[in-house]
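**Student:** Sequence below, structure please.
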Amino acid sequence: MSASDIKDWVDFGKCSLQEIAEYVNENKRQEWLQRRYAWLYQRLDNKQRNDLPEPLQEFEAEGPLSRYVPVLQVIGNKGCLGVLAVDSVSKYGQPIAQDIQDENRQNVYDAAKIVFDLFRFTNEELGEPDVELELHEGGGTSLSLPAMFAALGRILGITWNDTLISTGCLENGKLKPVETDTLQLKVETAQRFGYKTLVLVEGQTGIPRHCPLTIKYVSTNPNEAIFNLIKLGKVKRDRNLARFLFGYDQKQGRNIKPKLVQTFVKHSSPLVRYVANDILFRNALHHGETEKAKGYRDAAETLEWNEIPNGYLGHYLRFENIAASAVLEIDLGNWDDNYPIHQQLDRRLEHLQNAIGDSANKNFADRNDYLAALILENTKALRKRFQFRLMQNRKLLNEAWDSLTFLYKDWKEIFKYAERLQQKETTLRRQRNYCIEVLTDYFCTNNLLPPNWKCIGESWNHGKKFQREDIFDDIAFLNYGHITAKQWSENQIQQLIERTDERFAEWQGHPNYILYENILRFRIGSEEQRKHCLSQLEKAYPSLTKDNRSILSLLALRTRQILLDNGCNVGEPILPAKGTALRKIADNILQSPKTLINRCPY
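**Tutor:** I've put the predicted structure just below:
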């Protein structure tokens with residue numbers, strides 16, 4: 001190869017330092033080569049610069065364009081350097097899939113698409129990945145991690161230190177380490193071209209004992225790896241970062257890792273800080289950590305930003321985000337309709353109802369409006385249900401049922417859209433569980449159910465057709481059998497108990513003990529099974545009395561009463577903190593021990 005043959009990064013990346021130095025001396029007028037050499041020279045340490053000529057001062061250093069990501073390759077027994085880039089392609093606002101011509105391009109495309117799909121959740125205008133490669137004849141799946149770097153750079157405008165390089169594979173939706181026998185050559189190649197930090201996938205073996213590079217690791221889970229990569233660079237497009245965080249939260253549901261999100265609660269962008277605090281607020285709320293939830297909620301509400309983003313995130317900020325705040329106030333014992341957050345929710349809900357009910361203009365409400373209305377209706381139903389439980393006013397229970405079923409005829413389309421958005425918390429399964437909770441209240445009041453319940457619940461058949469994935473599904477399954485007079489077999493009840501025992505061994509708090517309570521309340525199963533549930537409930541009770549500032553303190557009163565009714569000695573009740581709304585409710589409920597169980601929330 002002569003100096004005139006070195007036209008791009010493929011040629012440049014094949015050369016040793018000595019070869020590059022020779023070519024530079026051969027042709028001092030080849031501008032491309034001189035600029036790349038100046039870029040390379042300034043990256044090398046003093047030891048590497050020995051025996052290398054200094055760059056010509058008339059040529060400014062020029063490395064790869066910022067959109068290019070470096071790629072480490074091994075061809076035979078030689079390490080090489082290439083580059084790749086990822087762009088976004090669409091036409092008339094619709095993504096256009098690239099024509100994949102080879103395996104290397106496919107590997108890059110697959111990894112980039114994981115990143116694009118996560119961002120497309122809240123930005124439908126994002127196109128499909130368009131791959132550009134400048135590689136040697138090798139490649140393989142180790143292009144995957146660099147491809148994720150390139151995709152993130154395109155979407156978030158991230159700038160990384162130009163001494164950072166990566167290698168990692170993608171197989172069956174998971175990131176994996178590269179082959180051990182290639183790593184030594186890749187490390188040597190990275191060092192040869194002045195890279196200081198090597199990013200690898202967790203579990204990588206074969207790292208040289210005295211590796212001259214700083215090693216960073218990313219998770220094998222692509223979604224979590226994105227967090228790791230973002231921390232390594234500087235984000236320019238904060239709005240897209242907020243969209244990413246929100247998309248991660250909606251996709252993961254209750255399975256988010258708070259530590260990943262915690263990094264962004266002090267971000268420079270108010271919108272990013274708001275979304276991070278809002279995510280952590282809702283996560284704490286789901287896990288019954290009321291005080292922690294309130295802290296995150298209050299932190300979020302102090303933040304302001306100039307403009308609400310478009311797409312689903314913007315719609316969430318305008319309508320849906322109030323739902324979690326309303327649930328928090330419910331958990332704090334503020335159930336009155338005149339409480340400010342509930343008034344605000346009802347006003348937003350009225351706006352959505354008017355849009356949906358506008359028969360003169362069927363396109364007035366879009367899919368996001370229907371989705372938001374469903375979430376707000378469900379939140380209102382929870383408030384009405386708790387009001388009913390406290391006051392035993394049948395009208396309030398009817399209102400709860402009407403809210404839950406207001407959009408019944410649109411459920412199919414709403415849940416289809418929610419599935420497209422990968423929302424794990426908005427499913428027909430969840431909606432069924434909410435409805436069964438209200439139906440159970442109807443049944444426990446006077447053994448009657450609302451007349452329209454069968455047409456709504458006809459798909460909730462027992463056995464295999466009753467979909468169950470978590471403890472809430474198992475509780476709904478148990479209650480459904482009770483209110484419809486279906487006689488679950490002892491074997492079915494035993495399966496429920498064993499599934500609950502497994503969860504209970506890890507966490508004795510809410511909601512894992514509720515199934516034990518209901519088996520005892522409704523006298524379901526055999527005597528031996530109920531005896532087992534009573535024993536488990538006794539174990540759970542001490543942990544339920546530790547938090548006297550959350551709604552769990554009211555639930556503990558119900559647990560205590562069930563234990564007393566079954567002959568257990570549990571001492572005096574542990575009451576919510578004095579001066580709180582929860583304490584007023586507790587004092588009200590305790591006035592009538594005979595009705596206490598039915599008047600407690602949840």
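
**Student:** Could I get the contacting residues of the residue nearest to Q48 when sequence neighbours are not counted?
**Tutor:** Once flanking residues are discounted, Q48 sits nearest to L17: 6.7 Å by Cβ to Cβ, 6 or more residues apart in numbering. Backbone N, C-alpha and C define where each C-beta goes, glycine included. For L17, the residues meeting the contact criterion (Cβ atoms under 8 Å, 6 or more residues apart in numbering) are 44, 48, 52, 192.

**Student:** Columns pLDDT on top of those, output as a markdown table?
**Tutor:** Shown next, in a markdown table, are those (pLDDT from 0 to 100):
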| residue | pLDDT |
| --- | --- |
| L44 | 93 |
| Q48 | 91 |
| L52 | 89 |
| R192 | 94 |
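
**Student:** Closest one to P270 out of the residues you listed, please.
**Tutor:** L44 (42.0 Å; Cβ to Cβ).

**Student:** Mind checking what secondary structure the residue nearest to the closest one when sequence neighbours are not counted has?
**Tutor:** Spatial nearest neighbour of L44, excluding adjacent residues (Cβ to Cβ, 6+ apart): G194 at 5.3 Å. Put simply, G194 is coil when judged by DSSP: H, G, I helix; E, B strand; the rest coil.

**Student:** I'd like to know how many residues surround the closest residue in space to L448 that isn't next to it in sequence.
**Tutor:** Leaving aside its sequence neighbours, L448 sits nearest to Y442 (Cβ to Cβ, 6+ apart; 6.3 Å). Y442 has 20 neighbouring residues, counting by other Cβ atoms under 10 Å.

**Student:** part of a helix, is Y442?
**Tutor:** Yes. Checked against three-state DSSP, Y442 lies within a helix.

**Student:** That one is in contact with L397, isn't it?
**Tutor:** Yes. Contact criterion Cβ atoms under 8 Å: Y442 and L397 qualify, at 6.4 Å.

**Student:** returning to what we had before: selection in ChimeraX covering whichever of the contacts of L17 are buried, please.
**Tutor:** Here is the ChimeraX selection string for the buried members of these, based on 16 or more other Cβ atoms under 10 Å:
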select :44,52,192
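
**Student:** For the strand ranked longest in the chain, buried residues please.
**Tutor:** Longest strand of the chain, by residue count under DSSP state E: strand 78-91. Across strand 78-91, burial judged by 16+ other Cβ under 10 Å covers 79-88.

**Student:** tell me the mean pLDDT over that strand?
**Tutor:** Model confidence over strand 78-91, given as mean pLDDT, is 84.

**Student:** where does the chain have its least confident helix or strand?
**Tutor:** For the chain, using mean pLDDT, DSSP states H and E, the weakest element among its helices and strands is strand 94-95, scoring a mean of 47.

**Student:** And the next helix or strand after that one, what's buried?
**Tutor:** Downstream of strand 94-95, the first helix or strand assigned by DSSP states H and E is helix 103-120. Within helix 103-120, the residues scored as buried using 16+ other Cβ under 10 Å are 104-120.

**Student:** Report the next helix or strand after helix 103-120 in sequence order.
**Tutor:** The C-terminal neighbour of helix 103-120 among helices and strands, as given by DSSP H and E, is strand 128-134.

**Student:** elements contacting that next one?
**Tutor:** The contact analysis (3 or more Cβ pairs under 8 Å, 6 or more residues apart in numbering; DSSP states H and E) places strand 128-134 against strand 78-91, helix 103-120.

**Student:** Neighbouring strands - and their directions - for the shortest one?
**Tutor:** Paired with strand 78-91 in the same sheet, following DSSP bridges, are strand 69-75 (antiparallel), strand 94-95 (antiparallel), strand 128-134 (antiparallel).

**Student:** can you give me the strands for the stretch 101-250 of the chain?
**Tutor:** With DSSP state E, counting those that start in this stretch as the criterion, the stretch 101-250 of the chain has strands at 128-134, 159-160, 164-166, 169-171, 174-176, 197-201, 214-218, 233-234.

**Student:** The longest one versus helix 103-120: what angle between them?
**Tutor:** With axes from the mean of the first three to the mean of the last three Cα atoms, to 10 degrees defining the directions, strand 128-134 sits at 140 degrees from helix 103-120.

**Student:** can you tell me which two in the buried residues of strand 78-91 are farthest apart?
**Tutor:** Distance extremes for these: the farthest pair is G79 and S88 at 31.2 Å, using Cβ to Cβ.

**Student:** quick one: low-confidence parts of this structure?
**Tutor:** Along the chain, the parts satisfying pLDDT under 70 run over 1-7, 90-102, 121, 124, 137-139, 358-364, 458-465.

**Student:** Give me the distance between the residue lying closest to A190 once chain neighbours are set aside and Y195.
**Tutor:** Nearest non-adjacent residue to A190, counting by Cβ to Cβ, 6+ apart: I165, 5.1 Å away. Between I165 and Y195 the distance, using Cβ to Cβ, to the nearest Å, works out to 4 Å.

**Student:** what does G76 give?
**Tutor:** Using Cβ to Cβ, one gets 21 Å for the distance from G76 to Y195.

**Student:** out of the two, which sits in the busier spot?
**Tutor:** Between G76 and Y195, counted using other Cβ under 10 Å, the more crowded position is Y195 (23 against 9).

**Student:** C-alpha coordinates for the host helix or strand of K539, PDB please?
**Tutor:** In the assignment (DSSP H and E), K539 maps to helix 527-544. Taking Å, rounded to 0.1, in the frame of the first residue of the first chain, the C-alpha atoms of helix 527-544 are listed here in PDB:
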ATOM      1  CA  GLU A 527     -59.700 -25.900  57.300                       C
ATOM      2  CA  GLU A 528     -56.100 -26.800  56.900                       C
ATOM      3  CA  GLN A 529     -55.600 -24.200  54.200                       C
ATOM      4  CA  ARG A 530     -57.200 -21.500  56.300                       C
ATOM      5  CA  LYS A 531     -55.100 -22.500  59.300                       C
ATOM      6  CA  HIS A 532     -52.000 -22.000  57.100                       C
ATOM      7  CA  CYS A 533     -53.200 -18.600  55.900                       C
ATOM      8  CA  LEU A 534     -53.800 -17.500  59.500                       C
ATOM      9  CA  SER A 535     -50.300 -18.500  60.500                       C
ATOM     10  CA  GLN A 536     -48.800 -16.500  57.500                       C
ATOM     11  CA  LEU A 537     -51.000 -13.500  58.400                       C
ATOM     12  CA  GLU A 538     -49.700 -13.600  62.000                       C
ATOM     13  CA  LYS A 539     -46.200 -13.400  60.600                       C
ATOM     14  CA  ALA A 540     -47.000 -10.400  58.400                       C
ATOM     15  CA  TYR A 541     -48.800  -8.300  61.000                       C
ATOM     16  CA  PRO A 542     -45.800  -6.900  62.900                       C
ATOM     17  CA  SER A 543     -44.300  -5.500  59.700                       C
ATOM     18  CA  LEU A 544     -47.700  -3.900  58.800                       C
END
